[in-house]
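K.L.:
sequence-free structure coming up:
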Ligand SMILES: Cc1cc2nc3c(=O)[nH]c(=O)nc-3n(C[C@H](O)[C@H](O)[C@H](O)COP(=O)(O)OP(=O)(O)OC[C@H]3O[C@@H](n4cnc5c(N)ncnc54)[C@H](O)[C@@H]3O)c2cc1C
């Protein structure tokens, strides 16, 4: 494509040091904005369960207390929302996807893709390769505190190397699927994979 | 292989250079930018565009802005509110001139959209500039002579802060199927008989449609506003799936 037109009189108001850590088109925020398609559901941990599903059977399921007893991991990562904000050095705690598979006694992921299912009916699809080897967790704490409902509490997926809608809020079930299928945002104009460094925001990017 | 290869690819929504056709003062903090696209194949009311600014040194900034104009119009209207210290909104309000080139791409998003073909009434709740995508719906409704019953609750600090006020008042005046309610949160005229203060459950209940009529509900505004309105709607018994939300700003309120 041609060089973009220069916007006369436009100058950056940002620190140059931010630039290398920001994916293209993103800006740094210190707030924690909220993006969801609808209302925030109210979920009581007493009623909460999470499951790992293959076809018609469950490979594993955990109540809140059982889930809390699984090995805990803590990570500090930058997160990138498709609505353009990026937040540096966010601190999360939860159960890594690797540990979840281990807890279910699954040594090899049974298929190459998953669909994450959430309260409120939302879904997002991911390649399993993007979840294993320490690349993703089910997070229950943010900055040391229980995850707030607006941010996906009690538990959300965290896949920080993809745009943040892939880090599905209010997670309830991870379903292995043999073939890739688009989730909620992925069938409403957003990119199927969502790599912020390749600016894969929308269909066709 | 990654998931990117598995599904049929849509064509990319390409960047294009539009020309600023006009700039309108809406309120003391808000302007509308009327943009002439190079190419446009239409949009759904509720969709947005991404704007990209490029500085002399190559630095770029992107932000999203909802389309306020209906699909019936060839020119696109974006309505931008000043965010204090905001990088892009300040530029759009203070520097941009009629005749300038403006890079953008769109239309984007297929969730927060209204299509007449769905049937049923529409219930719209706007906080501040959150009116923008909802205005596209109301304008489309009017232009297409749809008799879809509609109700808008528009929360603003004062009447002077209500964007599109004259147009909305005129729309509501000669349309019995459109209900327009302002909620004035900070300042009310002395003879004000409308709602004072923030939108509450009672105001929502009194101005919405019965659940049996299966309304489509659209809530747009700052994050805190959208959070509080949508949870009140769920409490009032509306199906969470019928409530579509769009959050503009990081801050609450
Ligand atoms: C889908 C979508 C549609 C949108 N449509 C519109 C629209 O129609 N009209 C419109 O005016 N804006 C709209 N926005 C918001 C817009 O994209 C920008 O975020 C906004 O203009 C601020 O950008 P900025 O560069 O001026 O501020 P920045 O330089 O990004 O921010 C400056 C400071 O202000 C804070 N801030 C940013 N935005 C807000 C806000 N809205 N309220 C309070 N504080 C804020 C930031 O956290 C930061 O501290 C939309 C956003 C989305 C995601």
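P.N.:
Thanks, I have the structure now. On a predicted model such as this, the values are computed, not experimentally measured, just so you know.
K.L.:
okay, CA-based contacts and neighbour counts for the rest of this
P.N.:
Will do.
K.L.:
tell me which residue in chain A sits closest to the ligand.
P.N.:
residue A:83 (4.7 Å; Cα to the nearest ligand atom).
K.L.:
element containing residue B:169, please.
P.N.:
Secondary structure from DSSP states H and E places residue B:169 in helix B:165-173.
K.L.:
next structured bit after that helix?
P.N.:
Following helix B:165-173 toward the C-terminus (DSSP H and E): strand B:178-184.
K.L.:
the inter-axis angle of that next one versus helix B:165-173?
P.N.:
Going by axes from the mean of the first three to the mean of the last three Cα atoms, to 10 degrees, strand B:178-184 is angled at 140 degrees with respect to helix B:165-173.
K.L.:
quick one: average pLDDT of strand B:178-184?
P.N.:
Averaged across strand B:178-184, pLDDT comes to 98.
K.L.:
can you check stretch A:76-93 too?
P.N.:
95.
K.L.:
same check on stretch B:238-251?
P.N.:
Here the average pLDDT along stretch B:238-251 is 84.
K.L.:
so is it next to chain A?
P.N.:
Yes - Stretch B:238-251 comes into contact with chain A (Cα under 8 Å from any Cα of the partner chain), by way of B:240, B:241, B:243, B:244, B:245, B:246, B:247, B:249, B:250, B:251.
K.L.:
what's the neighbour count on the residue lying closest to residue B:182 once chain neighbours are set aside?
P.N.:
Leaving aside its sequence neighbours, residue B:182 sits nearest to residue B:154 (Cα to Cα, 6 or more residues apart in numbering or on different chains; 4.9 Å). Residue B:154: 23 surrounding residues under other Cα atoms under 10 Å in any protein chain shown.
K.L.:
element containing residue B:154, please.
P.N.:
Using DSSP H and E, residue B:154 maps to strand B:150-156.
K.L.:
and for residue A:91?
P.N.:
Residue A:91 belongs to strand A:85-96, assigned by DSSP H and E.
K.L.:
report the distance from the next helix or strand after that strand to the chain centre.
P.N.:
For strand A:85-96, the succeeding helix or strand toward the C-terminus, using DSSP H and E, is helix A:97-103. Computed by Cα atoms, centre = their mean, to the nearest Å, the chain-centroid distance of helix A:97-103 equals 17 Å.
K.L.:
swap in stretch B:209-219?
P.N.:
Between the centre of stretch B:209-219 and the centre of its chain there are 18 Å (Cα atoms, centre = their mean).
K.L.:
how about stretch B:96-115?
P.N.:
Taking Cα atoms, centre = their mean, one finds stretch B:96-115 lying 12 Å from the centre of the chain it belongs to.
K.L.:
what sits up against it?
P.N.:
A:4-5, A:7, A:37, A:185, A:188-190, A:202, B:13-23, B:42-53, B:137, B:218, B:244-246 (Cα atoms under 8 Å, 6 or more residues apart in numbering or on different chains).
K.L.:
would you mark the buried spots in it?
P.N.:
By neighbour count on 16 or more other Cα atoms under 10 Å in any protein chain shown, the buried set for stretch B:96-115 is B:96-97, B:100-114.
K.L.:
pLDDT on it, on average?
P.N.:
96.
K.L.:
near the ligand, which residues of chain A show up?
P.N.:
Within chain A, the positions adjacent to the ligand are A:29, A:31, A:83 by Cα under 6 Å from any ligand atom.
K.L.:
one more pass at 8 Å, please.
P.N.:
By Cα under 8 Å from any ligand atom, the residues of chain A that approach the ligand are A:13, A:27, A:28, A:29, A:30, A:31, A:83, A:84, A:85.
K.L.:
so where do the helices sit in the stretch 101-250 of chain B?
P.N.:
Along the stretch 101-250 of chain B, the stretches classed as helices by DSSP state H, counting those that start in this stretch are B:131-143, B:165-173, B:201-207, B:223-235.
K.L.:
how many neighbours does the closest residue to residue A:143 other than its chain neighbours have?
P.N.:
With Cα to Cα, 6+ apart as the criterion, residue A:143 has its nearest non-adjacent residue at 5.0 Å, and that residue is residue A:91. Neighbours of residue A:91 under the rule other Cα under 10 Å: 15.
K.L.:
swap in residue A:186?
P.N.:
22.
K.L.:
before we move on, what about residue A:14?
P.N.:
Residue A:14: 12 surrounding residues under other Cα under 10 Å.
K.L.:
and the residue nearest the centre of chain A, what does it touch?
P.N.:
Taking Cα atoms, centre = their mean as the criterion, residue A:167 is the residue nearest the geometric centre of chain A, at 1.1 Å. Taking Cα under 8 Å, 6+ apart, we find residue A:167 in contact with A:156, A:157, A:158, A:159, A:160.
K.L.:
next one: residue B:213
P.N.:
B:120, B:121.
K.L.:
what of residue B:156?
P.N.:
B:127, B:128, B:162, B:182, B:183, B:184, B:185.
K.L.:
from these, which is closest to residue A:20?
P.N.:
Closest to residue A:20 out of the contacts of residue B:156 is residue B:128 (34.5 Å), distances taken as Cα to Cα.
K.L.:
separation between the closest one and the ligand?
P.N.:
In this view, residue B:128 and the ligand are 9 Å apart by Cα to the nearest ligand atom, to the nearest Å.
K.L.:
hey, which strand is longest across chain B?
P.N.:
As assigned by DSSP state E, the longest strand anywhere in chain B is strand B:16-27.
K.L.:
residues of that strand that come out buried?
P.N.:
The neighbour-count check on strand B:16-27 (16+ other Cα under 10 Å) flags B:16, B:17, B:18, B:19, B:20, B:21, B:22, B:23, B:26, B:27 as buried.
K.L.:
do the same with stretch B:171-190
P.N.:
Quick answer for stretch B:171-190 (16+ other Cα under 10 Å): B:171, B:172, B:178, B:179, B:180, B:181, B:182, B:183, B:184, B:185, B:188.
K.L.:
contacts for that stretch?
P.N.:
B:147-159, B:168-169, B:194-199, B:207.
K.L.:
same question, stretch A:174-187
P.N.:
A:51-55, A:110-117, A:122-127, A:165, A:192, A:203, B:3, B:6-7, B:111.
K.L.:
redo that, cut-off 7 Å
P.N.:
A:51-54, A:111-117, A:122-125, A:192, B:3, B:6 (Cα atoms under 7 Å, 6 or more residues apart in numbering or on different chains).
K.L.:
need the buried ones from these selected in ChimeraX.
P.N.:
To isolate the buried ones among the contacts of stretch A:174-187 in ChimeraX, judged by 16+ other Cα under 10 Å, type:
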select /A:51,52,53,54,112,113,114,115,116,117,122,123,124,125,192 /B:3
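K.L.:
mind checking which of the contacts of stretch A:174-187 land in strands?
P.N.:
Those of those lying in strands (DSSP E): A:51, A:52, A:53, A:54, A:113, A:114, A:115, A:116, A:117, A:123, A:124, A:125.
K.L.:
just send these back as JSON lines, with pLDDT too.
P.N.:
Shown next, in JSON lines, are these (pLDDT from 0 to 100):
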{"residue": "A:51", "pLDDT": "97"}
{"residue": "A:52", "pLDDT": "98"}
{"residue": "A:53", "pLDDT": "97"}
{"residue": "A:54", "pLDDT": "96"}
{"residue": "A:113", "pLDDT": "98"}
{"residue": "A:114", "pLDDT": "98"}
{"residue": "A:115", "pLDDT": "98"}
{"residue": "A:116", "pLDDT": "98"}
{"residue": "A:117", "pLDDT": "97"}
{"residue": "A:123", "pLDDT": "96"}
{"residue": "A:124", "pLDDT": "97"}
{"residue": "A:125", "pLDDT": "98"}
